[in-house]
Every structure is written in C-alpha cells, then in structure tokens.
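# Need a 3D model of the sequence below.
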Amino acid sequence: MFMLVDCDNFFVSCERIFQPHLKKRPLVVLSNNDGCVVSRSNEAKKALIPMCAPFFKIAQDFKAIGGIALSSNYELYADISNRLMTFLRQHFQEIEPYSIDEAFIKIPYQDNFLATAAHLRSAILQQIGIPVSIAVAPSKTLCKIASNLAKKGPKIYELTSPNHITAILDKTEIGEIWGIGKSTADKLKFYGIFTASDLIKAPLAMLRKSFGINIEKTIRELQGHACIEFEDHSSVKTIISSGSFEHEINTFEQLEQNLSEFVDCACQRLRAQHSVAGAMIVQIFSNRFNHTHPQYNNSAFVGMKQPTANTACFMHGLKQGLQQIYRNDCWYKRAGVILSGIENQTLQQPDLLTDTQQQKKDEKLMQMFDDINQKFGRRSIFFAIQAQKAKSYLKREFKSPNFTTSWLDLPKVN
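Numbers count the residues shown, from 1 in each chain. Next up is the predicted model:
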C-alpha cells in the first residue's frame, strides 16, 4: 500500500510559518524576477487569481483586495522541504521524495488508514508547520488521483475499495492521469479513450504497440497493481544550474561572472552527492520578448580531461565554452550550465590515462574548500572570477528573510 504526502500551497505555507500575519490573507509567491504567480493561497484562489498569471497584469487589482505578493525564497523552501523529508524518514522505512513538496511512502496493510494519515498530518503541522494532504491507495498512480481529490476538501483521501476505485476512474479524465502528457492524451482521445475507465477497457495489445510498455504499467497501476517501484533520487545523472538575469547583459566578462555562480552552485551539488562529472554544457539565451536586439540562443559542450568535482576545472571549461558561442551583438537574459557524465566518486573506474595523484589532490582541495565555507559561512572563500560580494542575479524585490538559513534573519521573539 502507498501513501502520498503532498504539501498544500507549499511556497505560501512556508512563508506563513514565520509570518502569522499573512494567514487568512490573499497571498501569492512569484517566479524568478517577480514574473508570474507560481503559488497561491486559498484566499487568492477564491479571488480568481490565475496560476502563472504575469504579476504586472494583476498587481493593481490584487493589491486592491488586500493581497500580498512575495518573491520566491528558495533558501527557505529548500530548508523546510529537507525538514519534512527528514521527519518522514524518521517515521517510515521506505520513502521516495517525488518533488520539493511531496513524497511517496510505502506502508503495510492495516485496518484504519485514515487514523494513521490523520495522526501523521497533525504531527507534520505541529512539528514542521506545514499543512499537507494525504492520499492512500494500492499504487502510486491511484495515489496521485486520490491526492487531487484530497486537495479539494477532505485533505485525507483513501482509495482502496475496488468499487470506489471504479467509480472514481469513471470520472477521471484521461489527461488527469499521472504520467500521461498532453500529446499522449490527445492521441488516446483520437482512439475514443476519454477517461481512466476507457483506458482500462481498451485493447492492451493495441495500446502497447502504439504507446509502448509504459502505458501498460499505467493501466495495471489503475487496476490496483503496483508496477512503478520506488526510485533512488539521492544521486542524479544530470545537474542543471540556470536562471534569468534582472537586466539584459552583453559583455563577455559580465556573462562569464554570472555563469560562474551557476558553475559554483552545480559543483557544490555534485560534491554533495559524492559524484564526479565528465562534461559540461554551457547555455546562453537572449530575451525572446525583446525584439529590438537580435534573437540568439546557443550552447557549447565542454569535455573534462577526466571526471572531476573540482570547481576550478569547470570554471576553466566555462571560459572555453563561452568563447565558442558568445556574440557581442546580442543581449542575454538567461543562461545556465549542465553537468553531465555523472558517476559515483567511489565507484569510478579510472583508465590508463587517469592522473590518480591529481585526482586525489583535487578531492582534498575541494574538501577543504567546502569545509571552510561550511565553518565560516558561505563564500568565505570563492573563485576570482566570481563577484566579490554574494549577489543574486534575480530580481526579488518582495523577498522575505531567510528565517532558517541565516543568522542575521533568525526570527525574534519579543
């Protein structure tokens, strides 16, 4: 049996933990550069504030009803997410974090799932401060359907009875099924399949031939058979670090400096999972909404001499890659780096050309680098190409304090 714990309006809920005055008020959290609405309180939803609405279009009307808009506080959200996942691991043996605000849990069969879920929901609210919705079902796909129903009111939804499952699947549209994207849903509708029940009744051989083995897994999941096993997300195979800039830039030096922050962030994540990477992709993008300058997007692949987690090697690769694709007649609004060819540091298989001595030196250097920044604060030491002062290249005019990750922003009790 599976349980899905999904945080309600996660970004909004995180902001309200340390700012009680925000409760029961229309509240939205904005995307990068305060662009679009990415999280809404229930009060904002009742006020018909659309998801992904450009903030400049709704700002005046939203403020008129007493609404409050906040910039994304990624540091706070990541820390609260880590606290939630740690809490769940302390109480359950098998847990799979699915995203920053939801996790699947394997639980043994029992007589009263609702009582267990109610106790868990109360404990999370008391100890973490986040309201959650909890779904219980015999498969992960059915859990996602039950979770959508839980969010609409009851907050806890059990979908275990065969008759109950059949009734719900009759009402579930094909595009609402977990794992079925829009293009697949459109193709299925062409075959006359409009609901989850239609999908189960359709000829399996025809579906497998047209859509592959994954559609069969989905069908069996809808029938209550667990076919999608837990995945290990502790070690990812690709690390992406990217973002938009507050203002467009066109100088090579400024672009390199901005990208160096993304490289530093990606390498920290690489070392945190005890991995090394063999290559990096450098990407740059112009502003697609600004047609006064040439439109230009490009990327460059840069291979490392040997798989490494040494930030200095990737900084050198950044310069090489950027020189290949930079154009001085363009203005850039977005950029990023992708680390690929990732493998476990301890399981790495060196070849005859691998300089093992240099590899050990790199590992010791980066370990000392991380230890100093961990002990004395982030960016106590950094690379020369990076800005001297820690700087976010995002526009976050309405950002709340980092209540849990900065000594200066710790909440004060009077």
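
# Let me see the domain layout of the chain.
Per the record, the chain has its domains at 1-137+147-156, 161-233, 239-376, by automatic domain parsing.

# tell me the mean pLDDT for stretch 192-212?
Rounded to a whole number, the mean pLDDT of stretch 192-212 is 91.

# Kindly check the end-to-end length of it for me.
Criterion C-alpha to C-alpha, to the nearest Å; first-to-last residue distance in stretch 192-212 is 18 Å.

# What residues of that stretch count as buried?
With burial defined by 16 or more other C-beta atoms under 10 Å, the residues of stretch 192-212 counted as buried are 193, 195, 196, 197, 198, 199, 200, 202, 207, 211. In short, each C-beta sits where N, CA and C put it, glycine included.

# same deal with stretch 309-323?
For stretch 309-323, a neighbour-count test (16+ other C-beta under 10 Å) marks 309, 310, 311, 312, 313, 314, 315, 317, 318, 321, 322 as buried.

# what do you get for stretch 282-291?
Of all the residues in stretch 282-291, those buried under the rule 16+ other C-beta under 10 Å are 282, 283, 284, 285, 286, 287.

# Who is the fifth one paired with across the strands?
Looking back up the chat, that one is residue 286. Per DSSP bridges, residues listed as beta-bridge partners of residue 286: residue 332.

# which residues touch it?
Residue 286 is in contact with 248, 293, 294, 295, 296, 297, 330, 331, 332, 333, counting by C-beta atoms under 8 Å, 6 or more residues apart in numbering.

# how about these, which pair is most distant?
Longest distance between any two of these is 13.8 Å, between 248 and 297; criterion C-beta to C-beta.

# nearest to residue 406, of the domains of the chain?
Between residue 406 and these, the tightest spacing by C-beta to C-beta is seen for domain 1-137+147-156, at 7.8 Å.

# Next, give phi and psi for the nearest residue to residue 274 once chain neighbours are set aside.
Closest residue in space to residue 274, ignoring its immediate chain neighbours: residue 345 at 4.9 Å, by C-beta to C-beta, 6 or more residues apart in numbering. For residue 345, the backbone dihedrals (degrees, to the nearest 10) come out as phi -60, psi -40.

# got it, and residue 276?
In this entry, residue 276 is assigned phi and psi values of phi -130, psi 160 (degrees, to the nearest 10).

# Would you mind naming the residues that bridge with it?
As for beta bridges, residue 276 partners with residue 343 under DSSP bridges.

# ok, now which ones touch it?
Contacts here follow C-beta under 8 Å, 6+ apart; on that basis residue 276 touches 270, 307, 308, 309, 342, 343, 345, 348.

# Most neighbours among the residues you listed, which one?
For the contacts of residue 276, neighbours were counted using other C-beta atoms under 10 Å, and residue 309 has the most, 26 neighbours in all.

# hang on, that one packs against residue 367?
No. If you go by C-beta atoms under 8 Å, residue 309 and residue 367 don't touch, sitting 9.8 Å apart.

# Show me the helices in the chain, by range?
10-17, 42-46, 55-64, 74-91, 113-127, 140-151, 162-171, 182-190, 196-201, 204-211, 213-222, 252-272, 311-325, 356-376 (DSSP state H).

# If you count neighbours, what's buried in the shortest one?
When you say that, I think you mean helix 42-46. For helix 42-46, burial by neighbour count (16+ other C-beta under 10 Å) applies to 43, 44.
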